[in-house]
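> fold the following for me, if possible:
(chains A and B)
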Amino acid sequence: MRSYRDMRRLITNGINRISISFGTAMSFMVAIVALLITIEVFRRYVFNSPTDWSLELVGLLTGATFTLTGAYTLYQKGHIRVDILYGRLGPRKRAIIEMVSLVLFVTFVATLLVSGWDFTWTALVQGQTTTSQWKAIIWPAKMVIPLGAFLLLLQGLPKFLADVELLIKGKVEE
Amino acid sequence: MSPAVLSLISVGIFLVLVILGIPVAWVLGGLAIFFGYLILGDNIFTWVVYRTWDIMGMFSLMAIPLFILMATVLSYSGIAEDMYNALRVWLGPVPGGLAIASVLAATILAAMVGIIAAGVVLMGMIALPTLRRYGYDVKLSTGAIMAGGALGVLIPPSVTFIIYGMLAPWSVGQLFMGGVIPGLILSGLFCLYILTRTLINPKLGAPMPKEERTATLGQKFVLLKGIIMPAVLILMVLGSIYLGWATPSEAAGVGVIGAIICAAIRGKFTRANFKACISTTARNVGMIAWITFAAYAFAGIFIYAGGGEMIANYLLGSGLGRWGVLTLIMLVLFVLGMFLDTTSIIILCTPVFVPIVTELGFSPLWFGVIFNVNLQIAFLSPPFGLCLFFMKGVAPDIGMGTIMRSVIPYIGLQIVGLALVIAFPQLSLWLPGHMIK
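Numbers count the residues shown, from 1 in each chain, chains lettered A, B, ... in the order given. Below is the predicted model:
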């Protein structure tokens, strides 16, 4: 069983690292968005020359910060749950609840992955652009939906492995 | 089975699964797909993606990650310590002064951050040790900190107003301004309560002993510089919204840069603080974003299936009258608020309740404000109010029973505040009415 444990650790560490990189990058993105907005506000009031693309770019970047941080939140166990009952349950009962949770999680996130991919692909092949004067191509903005869902599902894997172990053995070996 | 009945069943299952402890986002998202499939068939899969794309593109939602980052940077900037130190020296000689200083510091903090955790955790760490050192009554102290921290929901900027405004739909700027006076009234009630209690029974919180009041007037004024930075930031963010110079999202962007400059000036940009900021921001944005996607999908199916209409018809035909229905809605919000997170409550309840209150002739702006006052009460309410757990987190040696009992008088004051805002609509409508468009 040692080899299984090593393998699980390897998978877990690798996937955690991916989620951490995206989470960190997106936090920086929020700061960049703030900077872009500040510059735009200055351009408007101080130089009286607002751009037509800044706001739109900011919207697209913000979308990325929403979807691509989900995996990091999962890694940090930050998705809110009600602890009234869960906090008092033993490890096996918790593992059962985690399995029900997994079904709901996969149903929702896999839908966003698969349909979100179609959604992005359609935008790509049709060459859809935004309706503003800027006419930015839109597929990269749409792609953050399936990408964010993919990262979340990926981060779900180490959690699933740990939960299965919890269900079978009643504890997780680190 | 009709879709409307189906949608009500989905709400029942939702509540059961959430109470079992499954993360709220996955319950809402998973059930949206299951029940959506029964109602829309295969179309549900593309529908959910369109729905997500739709909410991602909403302009006011942009402000949320910005306000989260701003709150995080400010938490690590040391601004709250300076502010509390200044207030405590100025108010120290007053009975209950240190507790009043905590409420006032929390109020100022609430005008800079939009999430309650920041206020309760920061004041718990900064003010509570001081209050205990000076022998303040524990219940008076923890209650003051939690009630003050909860003001973060009502006093702008506030993430809850942003989401409400997006869905109602109503101007986020006006909602922000609508929360100002009710927030200040509540803050004033808390201070008045502390002053009265300590005047009657000085043991609860005696004025600072004479020998410690050594600060000269000059020194006192020097301390005031701790208030300057917060004041500038608040004027910049809220002032620009009030004057119509910037949308809330733009004000938030400028506020982030302002907060970063504050932290840099104070030399707080250490490696450890920086890492903690990055981590907290990413975690909170991911949490709010995915709950928003899931709740928006679930609420969409619920409304599409006719669940909202069914509740509306039932309430409007119940013969309770407009105040009866409003009271009932307030009760529902209060109960939900005791165990659900605010983001999902607002996304689920706004599309159901706003049409009903509009139909009854109430203003959605006014309703938004009392909605938030109500959520604030829920945050404090035992046994599951979030503030209680934040408090327990920063003061592990204080018993949960003491913490729970300590909020009861403050909840009473919040109910008085809620009644005032309901009885005198001008309290929430006057300031937004004077905004410069």
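> CA atoms for contacts and neighbours, from now on please.
Will do.
> quick check on B:G244: phi, psi?
For B:G244, the backbone dihedrals (degrees, to the nearest 10) come out as phi 80, psi 20.
> quick one: neighbours of residue 35, just the number.
Since you didn't name a chain, this refers to chain A. 17 (other Cα atoms under 10 Å in any protein chain shown).
> wait, chain B
With other Cα under 10 Å as criterion, B:F35 counts 21.
> and the pLDDT for it?
Note on B:F35: pLDDT of 94.
> how far away is it from B:A297?
11 Å (Cα to Cα, to the nearest Å).
> got it, and B:R51?
6 Å.
> quick one, which of these two is more surrounded?
Set side by side, B:R51 and B:A297 show more neighbours around B:A297, with 29 against 15, by other Cα under 10 Å.
> residues of the helix or strand harbouring that one that come out buried?
Secondary structure assigned from DSSP states H and E places B:A297 in helix B:271-304. Of all the residues in helix B:271-304, those buried under the rule 16 or more other Cα atoms under 10 Å in any protein chain shown are B:273, B:277-304.
> and what of stretch A:160-174?
Per 16+ other Cα under 10 Å, stretch A:160-174 contains these buried residues: A:L161, A:A162, A:D163, A:V164, A:E165, A:L166, A:L167, A:G170.
> contacts for stretch B:151-164, please.
B:60-61, B:63-64, B:67, B:106-107, B:109-116, B:119, B:170, B:172, B:175-177, B:179-180, B:182-184, B:187, B:238, B:342-343, B:346-347, B:350, B:368-369, B:372-373, B:375-376 (Cα atoms under 8 Å, 6 or more residues apart in numbering or on different chains).
> now do it: distance to the chain's middle.
5 Å (Cα atoms, centre = their mean, to the nearest Å).
> tell me the mean pLDDT for that stretch?
Mean predicted confidence for stretch B:151-164 is 92.
> for it, measure first residue to last.
17 Å.
> what does the stretch 1-150 of chain B have sitting close to chain A?
Residues of the stretch 1-150 of chain B lying near chain A by Cα under 8 Å from any Cα of the partner chain: B:18-27, B:29-33, B:45-46, B:48-49, B:53, B:56-57, B:59, B:62, B:65-66, B:69.
> next SSE after the one helix or strand in chain A whose mean pLDDT sits lowest?
Here the helix or strand of chain A ranked lowest by mean pLDDT, DSSP states H and E is helix A:83-86, holding a mean of 82. Next helix or strand after helix A:83-86 toward the C-terminus (DSSP H and E): helix A:91-126.
> counting by contacts, list what that next one packs against.
helix A:139-169, helix B:24-40, helix B:43-56 (3 or more Cα pairs under 8 Å, 6 or more residues apart in numbering or on different chains; DSSP states H and E).
> run the last query once more with 6 Å
When contacts are defined as 3 or more Cα pairs under 6 Å, 6 or more residues apart in numbering or on different chains; DSSP states H and E, helix A:91-126 packs onto helix A:139-169, helix B:24-40.
> mean confidence (pLDDT) on stretch B:51-66, please.
90.
> how far away from the center of its chain is that stretch?
With Cα atoms, centre = their mean as the basis, stretch B:51-66 stands 19 Å off its chain's centre.
> that stretch spans what distance, first to last residue?
End-to-end for stretch B:51-66, by Cα to Cα: 23 Å.
> give me the neighbour count for residue 49.
No chain in the question, so chain A it is. Neighbour tally, A:S49, other Cα under 10 Å: 12.
> wrong one, I was asking about chain B
By other Cα under 10 Å, 24 other residues sit near B:V49.
> could you pull up the residues touching it?
Each residue near B:V49 by Cα atoms under 6 Å, 6 or more residues apart in numbering or on different chains is listed here: A:G116.
> and it, how close does it get to B:R405?
B:V49 is 45 Å from B:R405, by Cα to Cα.
> nearest residue to B:P93 in space, please, no chain neighbours.
B:P207 (4.8 Å; Cα to Cα, 6 or more residues apart in numbering or on different chains).
> now do the contacts for that neighbour.
B:G92, B:P93, B:V94, B:P95.
> repeat for B:I227
By Cα under 6 Å, 6+ apart, the neighbours of B:I227 are B:M83.
> please, which helix or strand holds it?
helix B:225-234.
> other SSEs contacting the helix or strand following that helix?
Proceeding N to C from helix B:225-234, the next assigned helix or strand is helix B:240-242, under DSSP H and E. Counting contacts by 3+ Cα pairs under 6 Å, 6+ apart, helix B:240-242 is packed against no other helix or strand.
> list the contacts of helix B:240-242.
Contacts of helix B:240-242 (Cα under 6 Å, 6+ apart): B:A246, B:T247, B:M435.
> out of those residues, grab the one that's most surrounded.
Neighbour-wise, the contacts of helix B:240-242 (other Cα under 10 Å) top out at B:T247, 21 neighbours.
> give me the pLDDT for the nearest residue to that residue once chain neighbours are set aside.
Nearest residue to B:T247 in three dimensions, chain neighbours excluded: B:I241, at 5.9 Å (Cα to Cα, 6+ apart). pLDDT recorded at B:I241 is 90.
> biggest helix in chain A, by residue count?
helix A:2-45 (DSSP state H).
> from B:S279, how far off is the residue most central in space within chain B?
Centroid-nearest residue in chain B: B:V153, 1.8 Å away (criterion: Cα atoms, centre = their mean). Taking Cα to Cα as the measure, B:V153 falls 23 Å from B:S279.
> gap between B:L195 and B:R133?
Relative to B:R133, and taking Cα to Cα, B:L195 is found at 19 Å.
> just the helices and strands packed on helix A:91-126: most buried one?
Most buried of the helices and strands packed on helix A:91-126, by mean neighbour count (mean count of other Cα atoms under 10 Å in any protein chain shown): helix B:24-40, with a mean of 24.
> that one vs helix B:271-304, what angle?
20 degrees (axes from the mean of the first three to the mean of the last three Cα atoms, to 10 degrees).
> which stretches of the chain have low pLDDT?
The chain I'm using is chain A. Low-confidence segments of chain A (pLDDT under 70): A:1-2, A:174.
> please refer instead to chain B.
In chain B, residues with pLDDT under 70: B:437.
> so which residues of it form strands?
Counting by DSSP state E, chain B has no strands to list.
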